[in-house]
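Asks: Sequence isn't available, so here's the structure alone:
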């Protein structure tokens, strides 16, 4: 394992200090350990506060989406580990501008437990809290068991839609409604060519042969649905799109947003080849693309691979996805 780091046990602390030093005009930490981070302008009085959280190792997920037009605060855990409920509560208190707080996070046991606990404590203090749990990974549970699915790169769409709606001055119930709508219309699936290495022990997240690929793996190295010899981009895209379309049927004339997400060690050249193949697959079925996103949106340390996320649009979602946003890691102009 080769990583730019100091003591392994300080990996997260050093990383967070570096981010806050680089972006001290936009972000601030609330605690000495820097695990609760919010926008410098928080709270925004009268606006619904949006919070997320999860383990480190996935930048720009989760911390990278704190900024104008997106999220207000985040709770940061160790690599691939949930942050504590107390850190989540710290962020919740600071971003509450009087209109309540919406939690948006992935469907992982520790995150669900700790976010639920933080919500209970916040409500006891008089803060209205609601949650939408991302579960977009079609490989992690079959149709009919959507509540068992993992949240992966499709969380991006929940952040984008909820952030735009909150900036419009919408109520907590309305912001939650559009986030739920985005969730119901989003599906994802990924393929890994290599594992990642955990900084605290140097071990691989999983073992895989030089010419093999893991289809449907999770962003923490969870096993996929099948291991196969490496295939062409066209064939990989066909596998993923058939799985997504089988779960979220798309009719001719539909309009979608496409997110091609690199997992940390895949070149942008490769990601654009994947996007080409996805675009052609959709065009053959008379499905048009608005707002294509290609890059790193939810990584897994230095894992080689990518995921495809599709969100079926309607006029409301299209308007919200189009809204501008600006964070230290990513921006979208009007």
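Replies: Nice, thanks for sending it over. Keep in mind it's a predicted model, so treat the numbers as computed, not measured.

Asks: Would you agree residue 84 is in contact with residue 114?
Replies: Yes: counting by Cβ atoms under 8 Å, residue 114 is a contact partner of residue 84 at 6.2 Å. C-beta coordinates here come from the backbone N, C-alpha and C atoms, glycine included.

Asks: Between these two, point out the one with more neighbours.
Replies: Neighbour totals were compared for residue 84 and residue 114, and residue 114 leads with 24 against 18 (other Cβ atoms under 10 Å).

Asks: OK, contacts around that one?
Replies: 53, 82, 83, 84, 85, 88 (Cβ atoms under 8 Å, 6 or more residues apart in numbering).

Asks: Also residue 143?
Replies: 246, 247.

Asks: For residue 214, see how far away it is.
Replies: 21 Å (Cβ to Cβ, to the nearest Å).

Asks: Kindly report the same for residue 145.
Replies: Residue 145 is 21 Å from residue 214, by Cβ to Cβ.

Asks: Spell out the residue ranges of the helices in this structure.
Replies: Assigned by DSSP state H, the chain shows helices spanning 11-22, 85-95, 109-124, 155-167, 172-184, 233-247, 268-283, 315-322.

Asks: nearest to residue 258, of these?
Replies: Across the helices of the chain, residue 258 has its closest neighbour in helix 268-283 (5.7 Å, Cβ to Cβ).

Asks: helices or strands next to the closest one in the packing?
Replies: helix 233-247, strand 255-262, strand 288-289, strand 293-295, strand 305-312 (3 or more Cβ pairs under 8 Å, 6 or more residues apart in numbering; DSSP states H and E).

Asks: quick one on the thing from earlier: and residue 145 and residue 214? Which one has more around it.
Replies: residue 214 (24 against 10).

Asks: Could you give the number of residues near the nearest residue to residue 217 once chain neighbours are set aside?
Replies: Distance criterion Cβ to Cβ, 6 or more residues apart in numbering; nearest residue to residue 217, sequence neighbours excluded, is residue 224 at 4.1 Å. Neighbour count of residue 224, defined by other Cβ under 10 Å: 20.

Asks: how near is residue 224 to residue 175?
Replies: Residue 224 sits 34 Å away from residue 175, going by Cβ to Cβ.

Asks: Over to residue 213?
Replies: Residue 213 is 38 Å from residue 175, by Cβ to Cβ.

Asks: okay, the two: which has more neighbours?
Replies: Of the pair residue 213 and residue 175, residue 175 is the one with more neighbours under other Cβ under 10 Å, namely 30 against 21.

Asks: List the contacts of residue 36.
Replies: 29, 30, 73, 74, 75, 76, 87, 88, 90, 91, 94.

Asks: In CSV: these, plus neighbour count.
Replies: Output for these, formatted as CSV (neighbours: other Cβ atoms under 10 Å):
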residue, neighbour count
29, 18
30, 19
73, 28
74, 28
75, 32
76, 25
87, 24
88, 33
90, 22
91, 32
94, 21
